[in-house]
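Asks: Coordinates for the following, if possible.
(2 chains)
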Amino acid sequence: KAGVTQTPRYLIKTRGQQVTLSCSPISGHRSVSWYQQTPGQGLQFLFEYFSETQRNKGNFPGRFSGRQFSNSRSEMNVSTLELGDSALYLCASTPGREQETQYFGPGTRLLVL
Amino acid sequence: GQQVMQIPQYQHVQEGEDFTTYCNSSTTLSNIQWYKQRPGGHPVFLIQLVKSGEVKKQKRLTFQFGEAKKNSSLHITATQTTDVGTYFCAGFSYNNNDMRFGAGTRLTVKP
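Replies: A predicted model of the protein is given here:
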């Protein structure tokens, strides 16, 4: 099976812009979680989608949003970008039951100037 | 903020020395998972512990889950240069109903 894929791999934006990141899970996986990884904060949980519904949500402002499509692909959107949003954004997929092994994608590295 | 604390943040060892990283949670966890992230890579699953007091081994790696299910450790015996990377613990908490990651321990190994 193909692994989790994320596009784009690298992105440069300026403050105030918005960005959309995409994640395609492993075939058959129905859950997609998003994480923000920064050197100082480690992996921070953003949200999880399962069957097109947000199942869990971390402590991020409303500028961070996501959605999941019927084919389980997920997108994450960040509006009104701030310098502090520069990070590696990782998505991870699981078959769907909670507490399962998470399979991570390669990530999208976002730089906000 | 983080509810899963991981120490140390960094560890530099000579090849052949042992290495241990510790993970502590403020709440009881239903399970704990360990991941390894090589430099420039993404986290890769190593193991999951579920039972109180559980100990699992993978070659030179030993994983433990505390009796109270609030702490865990990963011990590597006789480190090798291939062990270089950041090791993360991740615990599922019923309080938050989500997976919380520790900040990770970055291991460097001097040949």
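
Asks: Once you drop chain neighbours, what's closest to the spatially most central residue of chain A?
Replies: Against the mean C-alpha coordinate of chain A, by CA atoms, centre = their mean, the closest residue is residue A:34 at 3.2 Å. Nearest-residue entry for residue A:34: residue A:46, 4.1 Å, with adjacent residues in sequence omitted and distances by CB to CB, 6 or more residues apart in numbering or on different chains. (Glycine included, C-beta is placed from N, CA and C.)

Asks: wait, doesn't that neighbour sit right on residue A:76?
Replies: Yes: Residue A:46 lies in contact with residue A:76 (CB atoms under 8 Å); the separation is 7.0 Å.

Asks: average model confidence for stretch A:73-85?
Replies: In this model, stretch A:73-85 has a mean pLDDT of 97.

Asks: Can you show me the CA trace of it as CSV?
Replies: Provided in CSV are the C-alpha atoms of stretch A:73-85 (Å, rounded to 0.1, in the frame of the first residue of the first chain):
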residue,chain,number,x,y,z
ARG,A,73,-8.6,12.9,1.9
SER,A,74,-8.3,15.8,4.2
GLU,A,75,-7.3,19.4,3.9
MET,A,76,-6.2,21.9,6.5
ASN,A,77,-6.6,25.6,6.1
VAL,A,78,-4.8,28.4,8.0
SER,A,79,-6.1,31.9,7.5
THR,A,80,-4.5,35.2,8.3
LEU,A,81,-1.0,33.6,8.6
GLU,A,82,1.3,34.8,11.4
LEU,A,83,5.0,34.4,11.7
GLY,A,84,4.5,31.9,14.5
ASP,A,85,2.7,29.6,12.1
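
Asks: quick revisit: how much space separates the residue nearest to the centre of chain A from chain B?
Replies: Residue A:34 sits 12 Å away from chain B when distances are taken as CB to the nearest CB, to the nearest Å.

Asks: element containing that residue, please.
Replies: strand A:31-38 (DSSP states H and E).

Asks: Can you pull the residues of chain A lying near chain B?
Replies: Listed as neighbours of chain B in chain A under the rule CB under 8 Å from any CB of the partner chain: A:33, A:35, A:41-45, A:48, A:56, A:58-59, A:90, A:92, A:98-99, A:101-107.

Asks: Residue B:25: how many residues sit nearby?
Replies: Applying other CB atoms under 10 Å in any protein chain shown, we find 24 residues neighbouring residue B:25.

Asks: ok, it - contacts?
Replies: Contact analysis of residue B:25 by CB atoms under 8 Å, 6 or more residues apart in numbering or on different chains lists B:3, B:4, B:5, B:70, B:71, B:91, B:93, B:100.

Asks: go again using 10 Å as the cut-off
Replies: Counting by CB atoms under 10 Å, 6 or more residues apart in numbering or on different chains, residue B:25 makes contact with B:2-6, B:32, B:66, B:68-72, B:89, B:91, B:93, B:95, B:100, B:102.

Asks: now residue A:9
Replies: So residue A:9 contacts A:105, A:106, A:107, A:108, A:109 (CB under 10 Å, 6+ apart).

Asks: pLDDT, neighbour count and distance to residue A:66 for the residues you listed - can I get that in a markdown table?
Replies: Converted to a markdown table, these look like this (pLDDT from 0 to 100; neighbours: other CB atoms under 10 Å in any protein chain shown; distance: CB to CB, whole Å):
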| residue | pLDDT | neighbour count | distance to residue A:66 |
| --- | --- | --- | --- |
| A:105 | 96 | 23 | 14 |
| A:106 | 96 | 17 | 18 |
| A:107 | 96 | 23 | 15 |
| A:108 | 97 | 21 | 13 |
| A:109 | 96 | 15 | 18 |
